[in-house]
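A.B. asks: Give me a 3D structure for the following:
(one chain, ligands or ions: 1)
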Amino acid sequence: MKQSNQKVLITGGGSGIGLALAKKFLANNNTVIITGRDLAKLEKVKSDNPRIHIFQSDVTDDAEVRILVDDIEQQFGGIDVLINNAGIMNLVDTGNGANDLAKQFSEIDINFNSPIRLVHYFLPQLKKSKEAVIVNVSSGLAYVPFAQSPVYSGTKAAVHFWTQSIRPQLKPHGIKVIELLPPVVATKLAEDADLKDDNLTPMPPEKLADIFWKNYASGREEITPGISKALKIMSRLAPKFYF
Ligand SMILES: NC(=O)c1ccc[n+]([C@@H]2O[C@H](COP(=O)([O-])OP(=O)(O)OC[C@H]3O[C@@H](n4cnc5c(N)ncnc54)[C@H](OP(=O)(O)O)[C@@H]3O)[C@@H](O)[C@H]2O)c1
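C.D. replies: Alright, predicted model coming up:
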């Protein structure tokens, strides 16, 4: 896998895993473009890392994504690597009739519809690239669901199956498809999920980025750091054990 001189777009790259991946690609001489909704957060990243390019863009907003595609085409001549990283996790008690249905549908839109949207609109640029790669960030929960976040678990399983399906479809177009299935990682998302009682030690995002980098170099298609590897095996042998 080519690891330098690539133009890399990371959605949700202003914090957590996306930011750790952005720094890793940057340190290896790539052009790195990150997106997010919160401009102040992106500007802070830019002031700390002046070589990172920032775009305020909501992955769920079709018009904004199309503008992003055009802006990147004009400024950079396209991308080589698309990292679908933006995501949220809501804790939902489905038995509670007062749940906000729109919020649940929005979680599906961010986590599942948006990677499909980004691939759709960036496909012409990826087809033009000599070494195109798509990295979909799903989760170890794609193997074994987490009862407190049923919609999230469903979206990540959906990303997992979608990724497996598009891999052979995009191969003839010269586009490699990689899936990163993180374990619990020390980011705002995991902090908000309050996993303290689950006896899981979150992995630092920088360590996740290191593991990703080694596996990415070797061309591995499914990257399962930490407990995600065990989740994959246990999902076949004894799925209820980890659930
Ligand atoms: N942390 C974990 O334990 C863990 C485990 C497995 C998988 N993951 C996955 O890793 C990915 C990154 O999450 P993280 O843990 O690094 O959490 P994070 O720090 O909260 O990062 C999520 C990023 O997504 C962006 N984002 C959210 N909605 C967006 C939207 N509509 N449009 C554009 N950007 C949006 C956020 O930026 P704005 O708010 O500025 O938009 C934020 O920078 C997610 O897909 C998550 O599901 C995380």
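A.B. asks: tell me the SS of the closest residue to F55 other than its chain neighbours?
C.D. replies: For F55, ignoring the flanking residues on the chain, the nearest one in space by CB to CB, 6 or more residues apart in numbering is T35 at 4.9 Å. Yep, even glycine has a C-beta here, placed from its N, CA and C like the rest. Of the three states, T35 takes strand according to DSSP: H, G, I helix; E, B strand; the rest coil.
A.B. asks: For the chain, which segments count as strands?
C.D. replies: Along the chain, the segments classed as strands by DSSP state E run 7-10, 31-36, 53-56, 81-84, 132-137, 175-180, 222-223.
A.B. asks: related to what we said a few turns ago, which ones are touching the residue nearest to F55?
C.D. replies: T35 is in contact with 9-14, 42, 54-57, 59, 68, 86, counting by CB atoms under 8 Å, 6 or more residues apart in numbering.
A.B. asks: Kindly provide the distance from it to the ligand.
C.D. replies: From T35 over to the ligand the distance is 6 Å, taken as CB to the nearest ligand atom, to the nearest Å.
A.B. asks: Most tightly packed of the strands of the chain?
C.D. replies: When neighbours are counted by mean count of other CB atoms under 10 Å, the highest per-stretch mean among the strands of the chain falls to strand 81-84, a mean of 28.
A.B. asks: What is that one packed up against?
C.D. replies: Contacting strand 81-84 under the criterion 3 or more CB pairs under 8 Å, 6 or more residues apart in numbering; DSSP states H and E are the following elements: strand 7-10, helix 16-27, helix 114-128, strand 132-137.
A.B. asks: Can you check which of the ones you listed gets nearest to the ligand?
C.D. replies: Comparison of the helices and strands packed on strand 81-84 against the ligand by CB to the nearest ligand atom identifies helix 16-27 as nearest, at 2.2 Å.
A.B. asks: for A86, what are its contacts?
C.D. replies: 11-12, 18, 35-36, 59, 110, 114.
A.B. asks: So which of the residues you listed is the closest to N90?
C.D. replies: The shortest separation between N90 and any of the contacts of A86 is 10.0 Å, and it belongs to I110 (by CB to CB).
A.B. asks: Pretty sure that closest one sits against M89.
C.D. replies: No - with the criterion set as CB atoms under 8 Å, I110 and M89 do not qualify as a contacting pair; they are 10.0 Å apart.
A.B. asks: so can I have a markdown table of the contacts of T35 showing pLDDT and distance to H173?
C.D. replies: Formatted as a markdown table, the entries for the contacts of T35 read as follows, by pLDDT from 0 to 100; distance: CB to CB, whole Å:
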| residue | pLDDT | distance to H173 |
| --- | --- | --- |
| L9 | 99 | 18 |
| I10 | 99 | 21 |
| T11 | 98 | 21 |
| G12 | 98 | 25 |
| G13 | 98 | 25 |
| G14 | 98 | 30 |
| L42 | 98 | 31 |
| I54 | 98 | 29 |
| F55 | 98 | 25 |
| Q56 | 98 | 30 |
| S57 | 98 | 24 |
| V59 | 98 | 22 |
| L68 | 98 | 21 |
| A86 | 98 | 24 |
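A.B. asks: outside of stretch 109-122, which residues touch it?
C.D. replies: By CB under 8 Å, 6+ apart, the surrounding residues in contact with stretch 109-122 are 9, 11, 59-60, 62, 65-66, 69, 79, 82, 84, 86-88, 126, 134, 136, 152, 155-156, 158-159, 162, 166.
A.B. asks: Derive a PyMOL selection command for the buried subset of those.
C.D. replies: If you want just the buried ones from these in PyMOL, going by 16 or more other CB atoms under 10 Å, the selection is:
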select buried, resi 9+11+59+60+65+69+79+82+84+86+87+88+126+134+136+152+155+156+158+159+162+166
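A.B. asks: Okay, and which of the contacts of stretch 109-122 map to helices?
C.D. replies: For the contacts of stretch 109-122, the ones inside helices are 62, 65-66, 69, 126, 152, 155-156, 158-159, 162, 166, with DSSP state H as the criterion.
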